[in-house]
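Peer 1: Dropping the sequence and predicted coords here.
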Amino acid sequence: MNPLRKDSLIKLIACVFAIIGIFIAFIKPLAFSIRQGLDLQGGTHVVLEAEDTDIAKVNDDAMNRVITIMEKRVNALGLTEPIIQREGERRVIIELPGVKDPDAAIQTIGKTAMLEFKDEEGNTVLTGTDLKDAQAATNQQNGQNVVNLEFTEEGAKKFADLTTKNVGRTIAILLDGEVLTAPNVREPILGGKAEISGQKTLEEAQNLAVVLRSGALPVKVNIIETRTVGPSLGQDSKDKSEFAFAVGIGAVLIFMLLFYRLSGFIADVALMAYTIMLLALLYLLDATLTLPGVAGIILSIGMAVDANVLIFEHFKEEYQIQGKTLRLAMDSGFKRAFTTIFDSNVTTIIAAGVLFFLGTGTIRGFAITLGLGTILSMFTAITLSQYLLKLMIKARISENPGSYGATGFMLWKKEDLKHE
Amino acid sequence: MNKFNLAGHRNWFFLLSLLIILSGLFCMVTRGFNFGIDFTGGTIIDLKFDHPVTIAEVRTSLAKYSLEGSTIQLSGTQSDVTASEDVMIRAVDMEENQRKEVMAALQEDVGHYTVLREEKVGATIGGELITNAVLALLVSWALIILYVAYRFEWRFGVSAVLALVHDILIVLSVFSLTQRQIDSSFVAALLTIVGYSINDTIVIFDRIRENLKLHFRRGGDVDRLVNTSIFQTLTRSLYTVFTVLFTTFSLYFFGGDTTKDFAFALLVGFSVGCYSSIFIASPLWIVFRGLGGGKEHGKPETAH
């Protein structure tokens, strides 16, 4: 065996084993470590929309404050990877993966949380801004669930003033215009502390404490969309999509092997490398994988296969029609396939780019997987596939051109090229 | 050459597509689409009861809240079940509190359940989704025409985009005819189809461009040139569409209920995308070339 051939053979075997090894070892852990959308893992998705009112108009500043407050409220729910992001001018998207009690969470999030203390005449004396802290507790004496309030220095003065003036009368504590409690003032309270009673459960008291601590929203906010996928359905979708995906990819790998033999095998190896790189890239970019995202991946795998098919078809053509040697046929096959791959993929990338910049939410996720996938598949085809295929031909694994897929059937002959 | 004269029969293909699209449009006007709550707004509650329940039980419970007009579906494994554990309720857009009350009532009247899925969408969102998607499509088409006009020539660009419009119209027609549900993932499916179809078309155009440059003389037979180009790329077109259909078929058959309609849209779209690249896009290019007197205005790519 001549040294060049031996060298190529060793390199080829090393590359193939390395790629297959990495694929088998990392495909599962990598696929599982990519953040999954709520449609796949279960959870609650909430869309809030701020509304202009006479009191407050929606602007950037208000929206930023809404997001800060939402972060506080959501963090209090203690979930692993919540997402809070602004969408467009006046919307906020909140994703709560694995939330146990979606209804309570939605209610906590959606509260404007405007706290008011009113005297009997209906004058507002204190508001939420006078609060320093709010904590839920169970009153030891009567077993009631309460929220203990602590006022700021100024708030404490106002509260002392309010209770002093209203001894023997009722004051009202309101949240978002609804009376939480209306206690009778027996004596002036000077210590800067108060208690809201009337919560049915401790959990309810805790949720109230969270919204009071996080402060009132600067604008009116409506919940315009909520979606909850239960953990069992999410798991079911995930398992089924995974299985479907594995079967589909398996069929593609076998197909390539049957039609292009050794070349097909190399293409399969390149496809494995491609899949690992795409997943790694999505992981590094902290992308969220949703069902439309999966569609983007399906299509991009199609594109990756397509690039190889284009190369092999040109290779067959150069070998059968032009009568070139295997090595020269592979060289010019690549050259000729390159412009085709380039132009066809650029148009797809243009479409993906437009969707990325104009789309929102899931459409964006789809555009990311499709766009990145297409760029990456182009890269894999013109570097890795090319390198491996050329090694394979140099290594002369087989003397039979058919083993390289060069003799596969073609639908046309050389004479067809004359158009006179 | 005894091969089928594809380009010569182009009017038949145009007619076939036109008939499908026209019947689709007729259906869109008369029956419309089966829009999901993403577009209409509303509430979907998907429950799994501990024991099989009947539609009547659920409806009686919903009637307390005047929601007896809601769509109630049993999603059992058998098709003729009268009772099932899995129940899907589609109702109007409810307030948060009302939904909670309804769900508590179901628990009391019908039985204990676990929530599989719960969705509530305000009516305003669907319209925006369509506007955004249409805007994105129009912009991407304009850019594709520009790019193809720059790399090839404008007639290729216009033909390619018309083929995309054709694909979308056919997929919409099929969804109107079959009354399958259209939700936000359908929009993603349409966009995927566009991504596939444009790619597929450009590969054939690329071959036509190459043959124009290398093997075509002025006044030659354009039909024959297109036929040859299509046959030269046909194996590739078929292999590629097979590979994308493998994965999509697999998703359709083995994927969950939530992905069924989505995979169906992709199946139709990929098939139509492949068809249009061969039978619509390239023949359209011949038509435009004939109209614009392209034979006389030798493009840089055309060798003399």
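Peer 2: Nice, I can see it.
Peer 1: Now whichever residue of the stretch 201-304 of chain B sits closest to chain A: phi and psi?
Peer 2: Nearest residue of the stretch 201-304 of chain B to chain A, counting by CB to the nearest CB: B:Thr247, 3.2 Å away. For glycine as for every other residue, the C-beta is placed from the backbone atoms N, C-alpha and C. Dihedral pair for B:Thr247: phi -60, psi -40, per degrees, to the nearest 10.
Peer 1: pretty sure it is touching A:Ala246, no?
Peer 2: No - taking contacts as CB atoms under 8 Å, B:Thr247 lies outside contact range of A:Ala246: 10.0 Å.
Peer 1: What is the burial count for residue 198?
Peer 2: You didn't pick a chain, so chain A it is. Neighbourhood size, A:Gly198 [other CB atoms under 10 Å in any protein chain shown]: 17.
Peer 1: that's the wrong chain, I meant chain B
Peer 2: Using other CB under 10 Å, the number of residues around B:Ile198 comes to 28.
Peer 1: One more: A:Phe151?
Peer 2: Considering only other CB under 10 Å, A:Phe151 is surrounded by 22 other residues.
Peer 1: got a list of what the residue nearest to it when sequence neighbours are not counted touches?
Peer 2: Spatial nearest neighbour of A:Phe151, chain neighbours left out: A:Gly192 (4.5 Å); criterion: CB to CB, 6 or more residues apart in numbering or on different chains. With contact set as CB atoms under 8 Å, 6 or more residues apart in numbering or on different chains, A:Gly192 has these partners: A:Glu150, A:Phe151, A:Glu153, A:Gly155, A:Ala156, A:Phe159, A:Ala160.
Peer 1: Of those - the most surrounded one?
Peer 2: Taking other CB under 10 Å as the neighbour criterion, A:Phe159 ranks highest of these with 25 neighbours.
Peer 1: which stretches of the chain form helices?
Peer 2: Went with chain A since none was named. Secondary structure of chain A (DSSP state H): helices at A:3-33, A:38-41, A:60-76, A:102-110, A:153-165, A:202-214, A:231-284, A:291-320, A:326-358, A:361-380, A:386-395.
Peer 1: You answered for a different chain; I wanted chain B.
Peer 2: Taking DSSP H as the test, the helices found in chain B are B:10-30, B:37-40, B:55-63, B:96-109, B:124-151, B:154-178, B:184-215, B:222-254, B:257-276, B:282-291.
Peer 1: got the ones you listed as CSV, with mean pLDDT columns?
Peer 2: CSV is the format used below for those (pLDDT from 0 to 100):
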stretch, mean pLDDT
helix B:10-30, 94
helix B:37-40, 84
helix B:55-63, 88
helix B:96-109, 86
helix B:124-151, 85
helix B:154-178, 95
helix B:184-215, 88
helix B:222-254, 90
helix B:257-276, 90
helix B:282-291, 92
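Peer 1: any idea how the chain splits into domains?
Peer 2: I'll assume chain A. A:3-39+A:230-415, A:43-229 (automatic domain parsing).
Peer 1: Correction: the question concerned chain B.
Peer 2: B:7-36+B:125-291, B:42-121.
Peer 1: just those: most buried one?
Peer 2: A comparison of those by mean neighbour count, using mean count of other CB atoms under 10 Å in any protein chain shown, puts domain B:7-36+B:125-291 on top with a mean of 20.
Peer 1: thinking again about what came up before, tell me which of the helices of chain A approaches B:Leu238 most closely.
Peer 2: Shortest distance between B:Leu238 and the helices of chain A, using CB to CB, is found for helix A:291-320: 9.6 Å.
Peer 1: hmm, that closest one touching chain B?
Peer 2: Yes - contact of helix A:291-320 with chain B (CB under 8 Å from any CB of the partner chain) involves A:291-292, A:294-296, A:298-299, A:301-303, A:305-306, A:309-310, A:313, A:317.
Peer 1: Flag the least confident of the residues you listed.
Peer 2: Among the residues of helix A:291-320 next to chain B, A:Ala295 carries the lowest pLDDT, at 71.
Peer 1: Identify the residues contacting the nearest residue to that residue once chain neighbours are set aside.
Peer 2: Closest residue to A:Ala295 apart from its sequence neighbours, by CB to CB, 6+ apart: B:Thr192 at 5.1 Å. Counting by CB under 8 Å, 6+ apart, B:Thr192 makes contact with A:Ala295, A:Gly296, A:Ile298, A:Leu299, A:Phe366, A:Leu370, B:Leu266, B:Gly269.
Peer 1: B:Thr228: which of those residues is nearest?
Peer 2: Among the contacts of B:Thr192, B:Gly269 lies closest to B:Thr228 (CB to CB), at 27.8 Å.
Peer 1: my guess is that closest one meets B:Val171, correct?
Peer 2: Yes - counting by CB under 8 Å, B:Gly269 touches B:Val171, with 5.0 Å between them.
Peer 1: Can you say which of the helices of chain A is nearest to A:Asn184?
Peer 2: Counting by CB to CB, A:Asn184 lies closest to helix A:153-165 out of the helices of chain A; the figure is 10.9 Å.
Peer 1: how far out from the middle of the chain is the closest one?
Peer 2: Distance, stretch centre to chain centre, for helix A:153-165: 48 Å (CA atoms, centre = their mean, to the nearest Å).
Peer 1: What residues does the stretch 1-150 of chain B have near chain A?
Peer 2: So the stretch 1-150 of chain B meets chain A at B:1, B:3, B:46, B:48, B:96, B:100, B:114-122, B:124-125, B:132-133, B:135-136, B:139-140, B:143-144, B:147-148 (CB under 8 Å from any CB).
Peer 1: how about 7 Å then?
Peer 2: For the stretch 1-150 of chain B, the contact set with chain A under CB under 7 Å from any CB of the partner chain comprises B:1, B:96, B:100, B:114-122, B:124-125, B:132, B:135-136, B:139-140, B:143-144, B:147-148.
Peer 1: ok, now which ones touch the nearest residue to B:Ala83 once chain neighbours are set aside?
Peer 2: Closest residue in space to B:Ala83, ignoring its immediate chain neighbours: B:Pro52 at 3.9 Å, by CB to CB, 6+ apart. Residues counted as contacts of B:Pro52 (CB atoms under 7 Å, 6 or more residues apart in numbering or on different chains) are B:Ala83, B:Ser84, B:Glu85.
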